[in-house]
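Chemist: sequence unknown, structure follows:
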């Protein structure tokens with residue numbers, strides 16, 4: 001049994017309201033503990049202990065979807081812009097955080113230091129937000 005929560009979730013094919021995008025090698029979902037409304041994780045499905053070993057895969061597989069998803073988040077939710085941060089050493093998967101920034105947000109790093117709470121605290125929030133992003137994503141050419 002695989003002990004990686006990301007691998008288990010991907011393998012199980014049990015999808016929930018947070019899913020925004022999926023193709024063979026990546027998946028995008030709303031972050032369960034968002035830093036902002038629409039905070040999205042774009043995750044490389046392959047489990048790897050060394051993220052530097054997948055850099056060529058990253059360039060080929062993730063760049064275009066990252067740009068499309070960030071554009072969809074910005075348009076769907078009215079964000080001023082979308083920040084992109086690469087993190088992945090804790091879960092064994094390369095992942096990018098796409099974090100929308102809105103005009104009222106504090107500027108600088110302090111914005112990323114506090115969480116809004118759990119997405120599940122807002123029962124229909126994930127369904128509404130993910131639905132808006134998915135609908136906008138369908139309009140953006142690949």
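Modeler: Yep, that arrived. Keep in mind it's a predicted model, so treat the numbers as computed, not measured.
Chemist: any stretches of this structure with poor pLDDT?
Modeler: Along the chain, the model assigns pLDDT under 70 to residues 1-2, 9-17, 49-51, 54, 57, 59, 87-91, 106-124, 142.
Chemist: what residues are up against the residue lying closest to residue 61 once chain neighbours are set aside?
Modeler: Nearest non-adjacent residue to residue 61, counting by Cβ to Cβ, 6 or more residues apart in numbering: residue 25, 4.8 Å away. The way it works is simple: take the backbone N, C-alpha and C, and place the C-beta from them, glycine included. By Cβ atoms under 8 Å, 6 or more residues apart in numbering, the contact list for residue 25 reads 44-46, 57, 61.
Chemist: so how far is residue 136 from residue 25?
Modeler: 22 Å (Cβ to Cβ, to the nearest Å).
Chemist: now residue 44
Modeler: Counting by Cβ to Cβ, the gap from residue 44 to residue 136 is 23 Å.
Chemist: and the two? Which one has more around it.
Modeler: Neighbour totals were compared for residue 44 and residue 136, and residue 44 leads with 21 against 18 (other Cβ atoms under 10 Å).
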